[in-house]
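Asks: What would the 3D arrangement of this be:
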Amino acid sequence: MLRVLAVDDEKPLLEELLYLLRSDPRIRSAEGASDATEALRRITVALEAGPDGADGIDVVFLDIHMAGLTGLDIARLLAGFARPPLIVFVTAHEGFAVQAFDLKAVDYVLKPVRPERLAEAVRRACAQLGQPVGAPPAAGGAAGAAAPPVPRPLPARRSAELPVADRAPEQIAVELGGVTRFVPIAAIAYVEAQGDYARLHTDDGSHLVRIPLSTLEERWAARGFVRIHRRHLVALSRIDELRLDAGTTSVRVGSAELQVSRRHARELRDLLMRHATG
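Replies: Numbers count the residues shown, from 1 in each chain. Modelled structure (predicted):
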């Protein structure tokens, strides 16, 4: 079974890649690094420990465009070692494939990553290392976890990154591990900004969509969502408590306590009062 390191400086994409890798039964362990410096540190420790060491790494799934050193730079550095880990490039850019394979890359996977395509990259790595190739994993939860309810799949003609599906506006399409779910907007308690992405928090968990928080703020204002902070958008009806403490304001939404910025505090208090009085 493979021990892998995934490297990507976009946290949401790194989390999704790790989810898919950990869902593959041919993967023993999958760890993440969010920049080239951290990746090189982990790889150096693995190489010093040797292939049988506790920190060993068999394959590095490597983004190309990152701040500082690029994925190609890291691959060139690793080429100087006697027994470097295998490299699989995972990138949104098609134009570096020739350079990647010149650096002896095992595979070149384009984003957005499809589970079956990633499974093929894992198969190639297993074959090169002389390990059992096995069968690709079924789409769904991580290995050993209970399978989630099976949602309706997104038709192939639609992009997995469409922010809203061609459906009634009461729902939003979210994708995880190649499976698309349609989440009712009414089930969303609050939204958290994560760069160009947004994480939708419901009572049952969270879902990542490639939509900026500012866009959701505009679309969902009429549905009672209010901005309370540069990082948070909250459904007004889901606020359980408003707290004032030493000049700071926060709200409780279920089990989550969220800070309210000063610029939004007064407007939020007014909205809550009007909401409470009908």
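
Asks: Quick check: can you list the domain ranges of the protein?
Replies: Domains of the chain are assigned by automatic domain parsing as 2-128, 171-276.

Asks: And the shortest one, how far out from the chain middle?
Replies: Averaging C-alpha coordinates over domain 171-276 and over its chain gives two centres that are 19 Å apart (Cα atoms, centre = their mean, to the nearest Å).

Asks: One more: stretch 40-53?
Replies: 26 Å.

Asks: Can you give me the buried ones in it?
Replies: Neighbour-count burial for stretch 40-53, counted by 16 or more other Cβ atoms under 10 Å, picks out 40, 42-43, 46-47. Just so you know, the C-beta spots here come from the backbone N, C-alpha and C atoms, and that holds for glycine as well.

Asks: Which other helices and strands does the helix or strand hosting R76 contact?
Replies: Taking DSSP states H and E as the criterion, R76 maps to helix 71-78. For helix 71-78, the helices and strands in contact under the criterion 3 or more Cβ pairs under 8 Å, 6 or more residues apart in numbering; DSSP states H and E are helix 36-49, strand 59-62, strand 86-91, helix 97-102.

Asks: Same list (these) but as a markdown table, adding distance to V209 and mean pLDDT.
Replies: Shown next, in a markdown table, are the helices and strands packed on helix 71-78 (distance: least, Cβ to Cβ, whole Å; pLDDT from 0 to 100):
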| stretch | distance to V209 | mean pLDDT |
| --- | --- | --- |
| helix 36-49 | 27 | 88 |
| strand 59-62 | 23 | 95 |
| strand 86-91 | 20 | 93 |
| helix 97-102 | 29 | 85 |
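
Asks: What is the end-to-end distance of stretch 75-83?
Replies: Stretch 75-83 has its terminal residues 13 Å apart, counting by Cα to Cα, to the nearest Å.

Asks: quick one on the thing from earlier: deepest in the core, which of the domains of the chain is it.
Replies: domain 2-128 (a mean of 18; mean count of other Cβ atoms under 10 Å).
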